[in-house]
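**Q** can't give you the sequence, but here's the structure:
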């Protein structure tokens, strides 16, 4: 009887060992699969998130509300200074408003003269931010709009002030926005007013860096950084932020979007651009226009 | 006769799973999207080892697998790698539990710090070899130090808050055949 028990125990132990070994093989294989066929596994990930997160809503909503309340309470301490600051700002802005109104009038007249048709492409879908990435090493947010709302991978996300990130991963009811500060984020930008092109690279810090700039001398702190539209991913002309120079002399972008409190995000519908592939496409020998985005997805 | 013990083991397992999921959910709350100045600690790792080195029967292999796989999926990490590393180290540490029953806390702290160092180094090594873009070394170092410093606090919560204590010789003898 006692011998049976020990034999049983040994069998149990070796079964356990085999199962643990198999689990490790499975996990490592998953990692390599993720590395090799990233889009497919990321699609799987977003579909899992799609299933799990809405059912966590009951837990997330009170936690979010509490966190926001604490934040709001903290801001009461600074309310007097803020009030003074706002008053000063308001006075300055009143002057600007007058100037803007005059310019708008002038602009409308000029547009009418030129008979310009305004671009209808900037329509957007607004989503509520559900969660952040939850990891110290990646910066992303989950919003509650997805494939059902017509969201497509690669679209730009903005808050009221500026660019926030891009859609990367779309589930049925949720989609993930990779923020500009994430280490995976690369956005082609133009610096105004010098008109130089650069790439804005996320570094997991609060301010992304500018790289591949032609000449650093033409750029000054405070210059505007807007998306350039190169590569056909983002529409051109979306404000990302303003240039700052950090202590190491590198050019960083102080983001215009309010990353302190992202509650609602606007997902911009990007129009399908026409790409000129062959030289004869330009003069119309090829009838069907090539969709840049579709081409990129395939490639 | 063994019923109360079984019940208490399952209670402990559920408690551990619940705490782990609470940590994951809290980490997902959209509070502030600015990159933090100080990298937050990996509380899940600390909780796992705090429980594992007290009551390994509360943190069985399958529950660790579920917790770390879910956190891999939800926290945008490379899927499977961190789970595999943590599980391997946890399985290595599980039989060491009896050594810490009599020892003072600093020894346990040192052991967990060493394990954390091994885990992070392995993780970084594999990611580097497979050319996955990564955060800077200084961020990782801060993360390591933060987790190390958070461990005593997590242990205090586990010990005084959740009342998960180390085995007494009496209880260990009772459970002997299950360990």
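**A** Happy to help now that I have it. All values reported here derive from a predicted model rather than from experimental measurement.

**Q** CA atoms for contacts and neighbours, from now on please.
**A** Will do.

**Q** residues from the stretch 51-200 of chain A in reach of chain B?
**A** The stretch 51-200 of chain A has residues A:59-60, A:63-64, A:67-68, A:129-139, A:141, A:181, A:183-184 near chain B, with proximity defined as C-alpha under 8 Å from any C-alpha of the partner chain.

**Q** Just the buried residues out of those residues, in ChimeraX syntax.
**A** Selection of buried members from those for ChimeraX, criterion 16 or more other C-alpha atoms under 10 Å in any protein chain shown:
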select /A:60,63,64,67,68,129,130,131,132,133,134,135,136,137,138,139,141,181,183,184
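
**Q** Is there proximity between stretch B:68-80 and chain A?
**A** Yes: in terms of C-alpha under 8 Å from any C-alpha, part of stretch B:68-80 sits within range of chain A, namely B:73, B:74, B:75, B:76, B:77, B:78, B:79, B:80.

**Q** Columns neighbour count and secondary structure on top of those residues, output as JSON lines?
**A** Putting the residues of stretch B:68-80 next to chain A into JSON lines (neighbours: other C-alpha atoms under 10 Å in any protein chain shown; DSSP: H, G, I helix; E, B strand; the rest coil) gives the following:
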{"residue": "B:73", "neighbour count": "18", "secondary structure": "helix"}
{"residue": "B:74", "neighbour count": "25", "secondary structure": "helix"}
{"residue": "B:75", "neighbour count": "22", "secondary structure": "coil"}
{"residue": "B:76", "neighbour count": "18", "secondary structure": "coil"}
{"residue": "B:77", "neighbour count": "18", "secondary structure": "coil"}
{"residue": "B:78", "neighbour count": "20", "secondary structure": "coil"}
{"residue": "B:79", "neighbour count": "28", "secondary structure": "coil"}
{"residue": "B:80", "neighbour count": "25", "secondary structure": "coil"}
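
**Q** Dump these into JSON lines; add distance to residue A:204 as well.
**A** Formatted as JSON lines, the residues of stretch B:68-80 next to chain A follow (distance: C-alpha to C-alpha, whole Å):
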{"residue": "B:73", "distance to residue A:204": "20"}
{"residue": "B:74", "distance to residue A:204": "18"}
{"residue": "B:75", "distance to residue A:204": "15"}
{"residue": "B:76", "distance to residue A:204": "14"}
{"residue": "B:77", "distance to residue A:204": "14"}
{"residue": "B:78", "distance to residue A:204": "17"}
{"residue": "B:79", "distance to residue A:204": "20"}
{"residue": "B:80", "distance to residue A:204": "22"}
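
**Q** between these, which is closest to residue B:88?
**A** Of all those, residue B:88 sits closest to residue B:80, with 11.9 Å by C-alpha to C-alpha.

**Q** Just the pLDDT for that closest one.
**A** The score at residue B:80 is 90. That number is its pLDDT.

**Q** Distance from stretch A:247-257 to the middle of the chain?
**A** 18 Å (C-alpha atoms, centre = their mean, to the nearest Å).

**Q** Buried ones in it, by neighbour count?
**A** A:251, A:252, A:253, A:254, A:255, A:256, A:257.

**Q** Briefly note if the helix or strand containing the fourth one comes near chain B.
**A** Looking back up the chat, that one is residue A:254. For residue A:254, the host element (DSSP states H and E) is strand A:251-255. No: Strand A:251-255 lies apart from chain B when judged by C-alpha under 8 Å from any C-alpha; the minimum separation is 10.2 Å.

**Q** got the contact list for that strand?
**A** Applying C-alpha atoms under 8 Å, 6 or more residues apart in numbering or on different chains, the contact partners of strand A:251-255 are A:162-163, A:200, A:207-210, A:225, A:240-246.

**Q** Now, those that are in strands?
**A** If you go by DSSP state E, those have A:163, A:200, A:209, A:210, A:225, A:240, A:241, A:242, A:243, A:244, A:245 in strands.

**Q** And for the fourth one, the neighbour number?
**A** By the criterion of other C-alpha atoms under 10 Å in any protein chain shown, residue A:210 has 23 neighbours.

**Q** for it, what are its contacts?
**A** Counted by C-alpha under 8 Å, 6+ apart, residue A:210 has contacts A:198, A:199, A:200, A:201, A:250, A:251, A:252, A:253.

**Q** which one is residue A:252 nearest to, not counting chain neighbours?
**A** In this structure, residue A:252 finds its nearest non-sequential neighbour in residue A:209, 4.3 Å apart by C-alpha to C-alpha, 6 or more residues apart in numbering or on different chains.

**Q** Could you look up the SS state of residue 112?
**A** Assuming you mean chain A. helix (DSSP: H, G, I helix; E, B strand; the rest coil).

**Q** ok, then the element right after the helix or strand containing residue A:82?
**A** When secondary structure is defined by DSSP H and E, residue A:82 falls within helix A:79-114. With elements assigned by DSSP H and E, the helix or strand that comes after helix A:79-114 is strand A:124-132.

**Q** Remind me what the following helix or strand past that following strand packs against, helices and strands.
**A** Beyond strand A:124-132 on the C-terminal side, the first helix or strand identified by DSSP H and E is strand A:140-143. Strand A:140-143 sits against strand A:124-132, strand A:175-179, with contacts defined as 3 or more C-alpha pairs under 8 Å, 6 or more residues apart in numbering or on different chains; DSSP states H and E.

**Q** Export those to JSON lines and append columns for mean pLDDT.
**A** Putting the helices and strands packed on strand A:140-143 into JSON lines (pLDDT from 0 to 100) gives the following:
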{"stretch": "strand A:124-132", "mean pLDDT": "86"}
{"stretch": "strand A:175-179", "mean pLDDT": "91"}
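
**Q** so of these, which one's packed in deepest?
**A** For the helices and strands packed on strand A:140-143, the largest average neighbour count (mean count of other C-alpha atoms under 10 Å in any protein chain shown) is found in strand A:175-179, namely a mean of 27.

**Q** model confidence over whichever helix or strand comes after it, on average?
**A** Along the chain past strand A:175-179, the next helix or strand (assigned with DSSP H and E) turns out to be strand A:186-192. Strand A:186-192 shows a mean pLDDT of 90.

**Q** So what touches strand A:186-192?
**A** Around strand A:186-192, the neighbours that count as contacts under C-alpha under 8 Å, 6+ apart are A:180, A:196-202, A:219, A:223-231.

**Q** Partner strands of that strand and their direction?
**A** strand A:196-201 (antiparallel), strand A:224-227 (antiparallel) (DSSP bridges).

**Q** mind checking how far it is from the chain centre?
**A** 14 Å.

**Q** Now do that strand against strand A:239-245: the angle between them, please.
**A** Counting by axes from the mean of the first three to the mean of the last three C-alpha atoms, to 10 degrees, strand A:186-192 lies at 80 degrees to strand A:239-245.

**Q** Report the residue ranges of every domain in chain A.
**A** Split into domains by automatic domain parsing, chain A comes to A:2-55, A:124-268.

**Q** highest average neighbour count across those domains?
**A** Among the domains of chain A, ranked by average contacts under mean count of other C-alpha under 10 Å, first place goes to domain A:124-268 (a mean of 20).

**Q** Report the separation between the two terminal residues of that one.
**A** 4 Å (C-alpha to C-alpha, to the nearest Å).

**Q** what about residue B:24, how many neighbours?
**A** Counted with other C-alpha under 10 Å, residues neighbouring residue B:24 total 21.
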